[in-house]
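>>> model this:
(chains A, B and C)
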Amino acid sequence: MEVERRSLREKQVTARDLLRGDLEGDDLERYVEERVVTTTFEKVQNWARANSIFPLTFGLACCAIEAPISIVTARYDLARFGAEALRASPRQADLIILSGRVSIKMAPVVRRLYDQMLEPKWVMAMGACSSSAGMFANYAVVQGADKFMPVDIYVPGCPPRPEAVLYGFTKLQRKIMENADQGWRRRYGAYGTEEWARGGPRSEPSPEAAKAYENARRSVEELRQSGEPSLA
Amino acid sequence: MTERQAEVGMSTDMLETPPASTFVDRDATPDRDTEIMTVNVGPHHPATHGVLRLVVDLEGELVRELRPVIGYVHTGIEKSCEDKSYWKVIPFVERMDYVSYFFQMEAFCGAVERLIDLEIPPRAKYLRTLFLELNRIHSHLVWLGTTALDLGAISMLWYCFRERDKILDLFEMATGQRMHTRYFQVGGVIEDIPVGFEAKCRRFAEEMPIRVGQYEDLLDRNEVFLQRTKGTGIVPRERLLELGVTGPLLRAAGEPWDLRKAFDYLVYPEMDFKIPVGTVGDNYDRYRVRVAEMVESSRIVSQCLDALPEGPYIADDRKYVLPPRSELSTSMESLIHHFKLVTEGYRVAPGEVYYSIEGPRGELGCFVVADGSAKPARVHYRDPSFVNLQAFREMALDGYVADMIASLGMLDPILGGVDR
Amino acid sequence: MPDAPGLELIRGEIERDRPGAVLATSYDRAQAALLVDPARVTEVLTWLRDQPGQRYDFLSSLHAADYLPNEPRFGVHYELINRDRVERVRVKAMLPDPGGEKLPEIDSCVELFPTAEAQEREVFDFFGIVFRGHPNLTRILMPEDYVGWPQRRDFPIGGEPVTFTYSEQRYD
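Sure, this is the predicted structure:
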């Protein structure tokens, strides 16, 4: 559909007619078509999710000075991507940025934080240490955070420049816009670590949720039986 | 005072220390139902000091017992160093206390230079001092930004990190990396400073005291800040000495102990700088001491730039120092030295040395044991935050939880150094 | 630092007051060290701290090193500072490895220098050296249920071998 350029006066008149309720027929149709975008609900949902990520204020070591502290400051502004609302509580956060080396004492804590986050949730392994233990191939560092939790995007560097983190962040945004559910449950066969929203770690899900969950789990089992290669 | 102030009940002088004991005296009300609640603070918490876990026994809002639990970012750096040749240790040790990376490099390089008895050229000494003081300003800026954030002065973070980005630009100009630059090597520094560095650095050093003045305008007489920091977290000077506390914490309590003046190392004897010393030893004094140190460090930076001599930036001894790359294509000995140094590394005669410098948090000491091979047999760091953390319990005991948070900020622990 | 003759004078005075405690002196690379019998470490530290002419009352660092394969194996180092004269002295105690399940022991100096509390815990955590008389000798940096003394020389460094995509298989 072609949009013809109209003068400011014409636009003012159309707007006035709309407000009065006088816009009819073809004029009304054209007005609406110019202002409405049709799409699927999922796309809008994913677009909203990607552009309003709430990161968790979680800093482990040196990378923590670059992010989350340095990327929210004025020079490398995370607010322009809609993510300046860093939440301290994992219940309110979407994205956990593993900024720093994960030691063996800290690993269960990180895992617990991740489990406490509500879905959809994403993980950015920032820096070399959380991606793959970096230079610390020793007894005290977990050799890569993806040994105990699913990671969606890896940002290399030691520490990565804030621009690199922002690049990783925008890449994650594009990933989310395509598909918010990164399918990590299917990838890792991770059933049984959820905490249902009815209270407490051992609470029961509602019947509908339980049925949906059971269906999903059964389909994954079938795929695994049939030898799906992407399921390890 | 105005009528309105009298009405509201403000005191005449907001700068006076509030009355000392506004806390509940436990013996005075024995019938009260006191219930001790144990609360776990951390290791993940909004206070941006790293993964420190505090197990706090609270009676209402008063802290009755405090047990810090550390080790959540223990990386085994000291053990890893035993497996690496001496120059490969340098990137490892600089990641311990991750805001003052130049200091860890200096401690290690100084210790190894003591072990092999290598004299570094004067230009390298001045460059090292310059970068150390820039790093000190950087560390104090990160401290001020995050501590003010904890106390509620949120916009300080943006102001401090604006200056911090300027310092990181300087580092990037000279070394190529913003953080963890591996700039100091045994024998000097790895590269000379580039052409525009001096002008940029000088402009920064002139501008820094003005910025510090602006920070002081924001916080020094701020009523909320004063109420939170004046009179809180006081530990007497003798107790701090017993606990082994060094650095700005000790100086805020009135003890003028600074390793830069006590043990002369690098070019500090030739620099003209003062050491700020506090009087009472509360959180406000600690804040004032560190802010004044930032100004003194900028003065040292200007003096280093003025006095920077010409000459080589790294020692000449090819047994320990890589030859310049331009020589590798012409001289056979250089090629052989380069090969030996890069593959095996240099061997150090057996011995052990403890070398300590004044870091932004206190005495940073490096203990190196050499056993004659190309790898150190033991590298241990005496980290100031690790020892200063023992004073935290006394700072926070019998005070409010909010004062505990203020004390934690003013203590300035960096958990990378605590846990190593 | 006290220079070499100064160090010998200190040793002589300790010999006079606490005979047999100091085993040797060493003045290496401008650092003064006293090698002390481990059973009498607290006596020497008390003497150094309280003696009117010495007054090394600031314990700057307490750390240990594993000198395997030399015997005795463990060395516990105390770095002392006299702040008025700005002098450092190091006290070194060498401990042999008892072998088997037993752990080497030495007296704790927490009453003398309260700063040693966390530092002795760290030495215990990494080397397994037990400090008799310490109020709370538990692991400080490693997880509480960790088995092994990581910074001993015979403890492996850990980590995992680097796998290459095309030559090794991670999943069978």
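>>> Now do the buried residues in stretch B:244-259.
B:244-253, B:255, B:257-259 (16 or more other Cβ atoms under 10 Å in any protein chain shown). For every residue, glycine as well, the C-beta is placed using N, CA and C.
>>> Apologies, that question was intended for stretch A:118-137.
A:121-137.
>>> Could you point out the helix or strand that follows whichever strand or helix holds residue B:164?
Element membership of residue B:164 [criterion: DSSP states H and E] is helix B:155-175. Where DSSP H and E defines the elements, the next helix or strand beyond helix B:155-175 is strand B:184-185.
>>> Give me the helices and strands touching that following strand, please.
helix B:86-93, helix B:101-116 (3 or more Cβ pairs under 8 Å, 6 or more residues apart in numbering or on different chains; DSSP states H and E).
>>> For residue B:400, which non-adjacent residue is spatially closest?
residue B:61 (5.0 Å; Cβ to Cβ, 6 or more residues apart in numbering or on different chains).
>>> Residue C:159 now?
Using Cβ to Cβ, 6+ apart, the closest residue to residue C:159 is residue A:137 (3.2 Å).
>>> Now name the helix or strand holding that neighbour.
Following DSSP H and E, one finds residue A:137 outside all helices and strands.
>>> what do you get for residue B:150?
Counting by DSSP H and E, the element that carries residue B:150 is helix B:122-151.
>>> Distance check, residue C:23 against residue B:256.
37 Å (Cβ to Cβ, to the nearest Å).
>>> As a check, name the ranges of all strands in the stretch 151-300 of chain B.
All strands of the stretch 151-300 of chain B, identified by DSSP state E, counting those that start in this stretch, fall at B:184-185, B:188-189.
>>> which of those sits most buried?
Highest mean neighbour count of those: strand B:184-185, a mean of 26 (counted as mean count of other Cβ atoms under 10 Å in any protein chain shown).
>>> part of a helix, is residue C:60?
No. With DSSP: H, G, I helix; E, B strand; the rest coil as the criterion, residue C:60 is strand rather than part of a helix.
>>> before we move on, what SS does the closest residue to it other than its chain neighbours have?
Leaving aside its sequence neighbours, residue C:60 sits nearest to residue C:79 (Cβ to Cβ, 6+ apart; 4.4 Å). Using three-state DSSP, the structure places residue C:79 in strand.
>>> at contact distance from chain A, anything in stretch B:108-118?
No. Using Cβ under 8 Å from any Cβ of the partner chain, stretch B:108-118 stays clear of chain A, coming no nearer than 15.6 Å.
>>> any idea how far the closest residue to residue A:163 other than its chain neighbours lies from residue B:131?
Among residues not flanking residue A:163 along the chain, residue A:76 sits closest, at 6.5 Å (Cβ to Cβ, 6+ apart). Note on residue A:76: its distance to residue B:131, by Cβ to Cβ, is 23 Å.
>>> Repeat that for residue C:153.
34 Å.
>>> Any chance you could list what contacts stretch C:50-63?
B:241, B:244, B:246, B:354, B:356, B:363, B:365, B:367, B:380, B:382, C:10, C:13, C:17, C:47-49, C:76-84, C:87-89, C:109, C:112-113, C:115-116, C:119-120, C:122-123 (Cβ atoms under 8 Å, 6 or more residues apart in numbering or on different chains).
>>> Flag every buried residue along it.
Along stretch C:50-63, these residues count as buried under the neighbour rule (16+ other Cβ under 10 Å): C:54-63.
>>> Show the contacting residues for the closest residue to residue B:297 other than its chain neighbours.
Nearest residue to residue B:297, sequence neighbours excluded (Cβ to Cβ, 6+ apart): residue B:133, at 4.4 Å. Shown in contact with residue B:133 (Cβ under 8 Å, 6+ apart): B:297-298, B:300-301, B:304.
>>> related to what we said a few turns ago, most neighbours per residue, which of the helices and strands packed on strand B:184-185?
Most buried of these by mean neighbour count (mean count of other Cβ under 10 Å) is helix B:101-116; its value is a mean of 25.
>>> Now do that one: which elements does it pack against?
helix B:86-93, helix B:122-151, strand B:184-185, strand B:351-359, strand B:362-370, strand B:378-382.
>>> Looking at that helix now, give me its mean pLDDT.
For helix B:101-116, the mean pLDDT works out to 91.
>>> could you give the angle of it to strand B:351-359?
With axes from the mean of the first three to the mean of the last three Cα atoms, to 10 degrees applied, the angle from helix B:101-116 to strand B:351-359 works out at 150 degrees.
>>> How about the contacts made by the residue lying closest to residue B:274 once chain neighbours are set aside?
Setting aside the residues directly before and after it, residue B:274 is nearest to residue B:296 in space (Cβ to Cβ, 6+ apart), at 5.9 Å. Going by Cβ under 8 Å, 6+ apart, residue B:296 touches B:273-276.
>>> Of all pairs in the residues you listed, which one is the farthest apart?
Pairwise distances across these peak at 10.0 Å for B:273 and B:276 (criterion: Cβ to Cβ).
>>> buried stuff in stretch C:28-48?
Under the neighbour-count criterion of 16+ other Cβ under 10 Å, stretch C:28-48 has C:31-36, C:38, C:40-45, C:47-48 buried.
>>> let me fix that: stretch B:306-317
B:308, B:312-315.
>>> Kindly reformat those as CSV and extend each row with secondary structure and pLDDT.
As requested, the buried residues of stretch B:306-317 are arranged in CSV below (DSSP: H, G, I helix; E, B strand; the rest coil; pLDDT from 0 to 100):
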residue, secondary structure, pLDDT
B:308, coil, 90
B:312, coil, 88
B:313, coil, 88
B:314, strand, 87
B:315, coil, 87
